[in-house]
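**Q** Dropping the sequence and predicted coords here.
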Amino acid sequence: MRENGLKILWRDGKSAVNGWLGIPSSFSAEIMAQAGWDSLTIDMQHGIVGYQTAVTMLQAISTTDVVPMVRVPWLEPGIIMKSLDAGAYGVICPMISNRAQAEELISYCRYAPAGTRSFGPVRAMIYGGADYPQRADDTVLAIAMIETAEAMDNLEEIIGTPGLDAVYIGPSDLSLALGHPPRQDWPDGPVYEAQERILAVAKRHGVVAGIHNVTAEYALRMIKLGFQLVTIASDTRLLGVKAAAEVATVRQGLAG
């Protein structure tokens, strides 16, 4: 079976740089896949990507060695299993707030007897290889998002759930949960301290910690802290910021 490059990086104590895909296009996914990311995550929660388009985006990513992942809309077995059947090598699930939910997520990502994933890897075997059924449980990543007040109260039991591969911080929802405006890249303060606490618990349990970032500079800061999965912005943000900057440069030149 095709190896999961993220697991190799984490095993060697290294950090992975993850890109985020919200544009529903196989072409933009293909362009992003050529940019040198370790992994790319298709956002089916807050992006406007539907399942059929996500499949074509997974196909585009598979032209490279970039690890394909999906953030599913919710803790729902159908979409989790369909995403894995389509060839996703990792599932990031939002709003995991207690151990029972973490156990559900893990179960949906594993075949019996370890879990309850239904068998039908229609594209996953094409992408992963003929021995996918035998090795999928040890290859596919189950990643729980920590972003609620309840999750902060239940950190130890969530992160200590057997079979959980990683936790991923959603800073905007975590900010709201802690009574602050939604934002990312907190320089300090209560949200930053909560991020540090999540990382500390993850390290204690031997679980990888990941976080969403706006800038490369903040991502580097998080890597130095010990995060092993850092996401830099998204295709939508990168496109919008770069386009606006180029237009502004020309307009300033004309005004001058």
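**A** Cool, got the structure. Numbering: from 1, shown residues only.
**Q** Strands of the stretch 151-256 of the chain, residue ranges please.
**A** Applying DSSP state E, counting those that start in this stretch to the stretch 151-256 of the chain gives strands spanning 166-169, 208-213, 229-232.
**Q** now the stretch 1-150 of the chain
**A** For the stretch 1-150 of the chain, applying DSSP E, counting those that start in this stretch gives strands covering 16-21, 39-43, 67-71, 90-93, 141-146.
**Q** Let me see the mean pLDDT of the fourth one.
**A** So that's strand 90-93. Across strand 90-93, pLDDT averages out at 98.
**Q** gap between it and the chain center?
**A** Here the centre of strand 90-93 is set off from its chain's centre by 6 Å, with C-alpha atoms, centre = their mean, to the nearest Å.
**Q** Check which helices and strands it sits against.
**A** Secondary-structure packing of strand 90-93 (3 or more C-beta pairs under 8 Å, 6 or more residues apart in numbering; DSSP states H and E): strand 39-43, strand 67-71, helix 77-85, helix 99-108, strand 141-146. To be clear about C-beta, it is placed using only N, CA and C from the backbone, and glycine gets the same treatment.
**Q** what comes up buried for the longest one?
**A** Within helix 99-108, the residues that qualify as buried by neighbour count (16 or more other C-beta atoms under 10 Å) are 99, 101-108.
**Q** which residues does M145 contact?
**A** M145 makes contact with 71, 92-96, 167-170, according to C-beta atoms under 8 Å, 6 or more residues apart in numbering.
**Q** hmm, try it at 10 Å
**A** Taking C-beta atoms under 10 Å, 6 or more residues apart in numbering as the criterion, M145 is in contact with 45, 71, 75, 92-97, 105, 151, 167-170, 173-174, 210, 212.
**Q** Is there a quick PyMOL command that grabs whichever of those residues are buried?
**A** Buried residues within the contacts of M145, by 16+ other C-beta under 10 Å, are selected in PyMOL with:
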select buried, resi 45+71+75+92+93+94+95+96+97+105+151+167+168+169+170+173+174+210+212
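**Q** So what does the residue lying closest to Y127 once chain neighbours are set aside have for phi and psi?
**A** Take Y127 and drop its neighbours on the chain: the residue closest to it by C-beta to C-beta, 6 or more residues apart in numbering is G87, 3.9 Å away. Dihedral pair for G87: phi 110, psi 10, per degrees, to the nearest 10.
**Q** one step back: so which of the buried residues of helix 99-108 is the closest to V247?
**A** Of all the buried residues of helix 99-108, V247 sits closest to L105, with 42.3 Å by C-beta to C-beta.
**Q** show me what contacts that closest one?
**A** 72, 75, 77, 80, 91-93, 96, 115, 142-145, 158, 161, 163-164.
**Q** and what of D235?
**A** D235 touches 19-23, 25, 28-29, 31-32, 35, 40, 43, 47, counting by C-beta under 10 Å, 6+ apart.
**Q** biggest separation within those, which pair?
**A** Greatest spacing in the contacts of D235, by C-beta to C-beta: A35 and G47 (17.8 Å).
**Q** For the two, indicate the residue with more neighbours.
**A** Between A35 and G47, G47 has the larger neighbour count (other C-beta atoms under 10 Å), namely 21 against 13.
**Q** okay but the more buried one is in contact with A29, surely?
**A** No. Look at G47 against A29 with C-beta atoms under 10 Å: they stay out of range, at 11.4 Å.
**Q** Give the residues shared as contacts by the two.
**A** With C-beta under 10 Å, 6+ apart, G47 and A29 have common neighbours 21, 23, 53-54, 235.
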